[in-house]
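Asker: the amino acid sequence is not available; the structure is as follows:
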């Protein structure tokens, strides 16, 4: 969902069938060149550092999670959610097959 319009600063991540993670849609692509393209095989520790670098300053951040499999079948999701459940961050989720904006499958967790 590369074209998803994040209403907040944040980023998107995708959980593949093999439980590997790709990040994309970094909130400020001009700030860091390494976030201009999707990053594959990203660790939970790297995602935790990305979360820590979000400039909240009293404003919320938004992170979209997409997945090729139901989250109940993912082993990495539990560690990932521990890194993402941070005050000021709104999580959104869409499973493969869902499309397009809030009315068509993207919603808060």
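Answerer: Arrived safely, thanks for sending. This structure is a prediction, so every number in the text was calculated from the model and none was measured. Residues are numbered from 1 along each chain as shown.
Asker: neighbouring contacts of whichever strand or helix holds residue 22?
Answerer: Element membership for residue 22, per DSSP states H and E: strand 21-24. Outside of strand 21-24, the residues within contact range by Cβ atoms under 8 Å, 6 or more residues apart in numbering are 2, 11-16, 35, 37-44, 46-47, 50, 76, 80. For the C-beta atoms, the positions are set from N, CA and C on the backbone; glycine is no exception.
Asker: report the buried members of those.
Answerer: If you count burial by 16 or more other Cβ atoms under 10 Å, the buried members of the contacts of strand 21-24 come out as 11-16, 35, 39, 42, 44, 47, 50, 76, 80.
Asker: and those, which of them are in strands?
Answerer: 11-15 (DSSP state E).
Asker: so what's the gap between the strand holding residue 22 and the chain middle?
Answerer: Chain-centre distance of strand 21-24: 7 Å, with Cα atoms, centre = their mean, to the nearest Å.
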